[in-house]
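Student: The following comprises the amino acid sequence and a computationally predicted model.
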Amino acid sequence: MKLVMLGTGNSAMVPVWGCDCEICAEARLDRTLRREKSSAYVEHNGRKLLLDANAPDLLDRFPPGSIDKILLTHFHMDHVHSLFDLRWGKGTLIPVHAPEDEQGCDDLYKYPGVLDFSQRSLPFQSFIWQDITVTPLPLNHSRPCVGYAFELNGHCIAYLTDTNGLPEATTQWLKQRTVDWIVTDCSFPPIECEHTKVSNNHNDISQVQNIAEQCQPERIGLIHLGHNVLLWAKRHPQCFSDSFQLLHDGQEIPL
């Protein structure tokens, strides 16, 4: 089993259009520093399970028949927009698991095409895919939102994007396990104002550090990264290590 990062940026991506900051300028010169919107896929036994659907090259990257399932974290447009193209494809229906959200996104429910939206990702209600136990974990966001934990042979990876801290129930679930990796949202550098911090929809560095301290994973990887937090990280390299690292597009995490 491996988890592959399709994108590790926030909705503005890197480089940010019109921005001439140091991070964006470097990314324009070096394509390896660019970051698409955060999404990923799990590969096991030659099959693929997609986590969110926003990769700009999704239709080319995943030929017909290569996607077993799609797991959506939530229905914000920046996490589902490639579904609007994928749905008009031909072939076998693709199961899409998503949190309970009656609104969905635009007319996806009304015109699903090859997408089957009948499955719901309910908190802590596990299911099996390719011998992997998949558990939806509730997150703190402005819309119903879940992360997903993947357990296989005593190992665990938790993919937790778009959250502001973690709900206590999710923290407790993770603390009860030996977690190899937590991959989580880190959109901002440290925010001193507590009101500003809690009013955001996404983690800052200090919140991720708190998640690491509470849940004690072997490693924690940061995604949903904006250019401001990347600039802060460049100026504070001592805060990062093999066990607390910025992930990059295309990075593979084996389990």
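Tutor: Now that the structure is in, tell me what you want to look at. Residues are numbered from 1 along each chain as shown.
Student: mind listing the strands for the stretch 51-200 of the chain?
Tutor: 67-71, 94-98, 115-120, 127-129, 132-138, 146-152, 155-160, 181-185 (DSSP state E, counting those that start in this stretch).
Student: Need the winner for burial among these.
Tutor: Looking across the strands of the stretch 51-200 of the chain with neighbours counted as mean count of other Cβ atoms under 10 Å, the highest average goes to strand 181-185: a mean of 26. In this view, the C-beta of every residue, glycine as well, is placed from N, C-alpha and C.
Student: Give me the helices and strands touching that one, please.
Tutor: strand 2-7, strand 155-160, helix 205-215, strand 219-223 (3 or more Cβ pairs under 8 Å, 6 or more residues apart in numbering; DSSP states H and E).
Student: which other residues reach that strand?
Tutor: Contact partners of strand 181-185, identified using Cβ atoms under 8 Å, 6 or more residues apart in numbering, comprise 3, 5, 38, 40, 147, 156-163, 174, 202-203, 208, 211-212, 215, 217-224, 247, 253, 255.
Student: If any of these are buried, put those into a ChimeraX selection.
Tutor: A single ChimeraX command selects the buried members of these (16 or more other Cβ atoms under 10 Å):
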select :3,5,38,40,147,156,157,158,159,160,161,162,163,174,202,203,208,211,212,215,217,219,220,221,222,223,224,247,253,255
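Student: Which elements pack onto the strand or helix carrying residue 234?
Tutor: Taking DSSP states H and E as the criterion, residue 234 maps to helix 227-235. Contact here means 3+ Cβ pairs under 8 Å, 6+ apart; on that basis helix 227-235 packs against helix 22-29, helix 205-215.
Student: what angle separates it from helix 22-29?
Tutor: Interaxial angle, helix 227-235 versus helix 22-29 (axes from the mean of the first three to the mean of the last three Cα atoms, to 10 degrees): 100 degrees.
Student: for helix 227-235, which positions count as buried?
Tutor: Under 16+ other Cβ under 10 Å, the buried positions of helix 227-235 are 227, 228, 229, 230, 232, 233.
Student: what would these look like in CSV with distance to residue 137 and pLDDT?
Tutor: Below are these laid out as CSV (distance: Cβ to Cβ, whole Å; pLDDT from 0 to 100):
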residue, distance to residue 137, pLDDT
227, 28, 97
228, 27, 97
229, 23, 97
230, 26, 98
232, 27, 98
233, 26, 97
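Student: Pick the one among those residues closest to residue 125.
Tutor: Taking Cβ to Cβ as the measure, residue 125 lies nearest residue 229 of those, at 32.8 Å.
Student: So that closest one sits against residue 190, correct?
Tutor: No: using Cβ atoms under 8 Å, residue 229 is not in contact with residue 190, being 9.2 Å away.
Student: which neighbours do the two share?
Tutor: Listed as contacting both residue 229 and residue 190 by Cβ under 8 Å, 6+ apart are 204, 205.
Student: Report the separation between the residue sitting nearest the centre point of the chain and residue 114.
Tutor: Against the mean C-alpha coordinate of the chain, by Cα atoms, centre = their mean, the closest residue is residue 161 at 4.0 Å. Distance, residue 161 to residue 114, using Cβ to Cβ, to the nearest Å: 25 Å.
Student: Residue 194 too?
Tutor: In terms of Cβ to Cβ, residue 194 sits 46 Å off from residue 114.
Student: between the two, who's got more neighbours?
Tutor: The neighbour comparison of residue 194 against residue 114 (other Cβ atoms under 10 Å) goes to residue 114, with 15 against 8.
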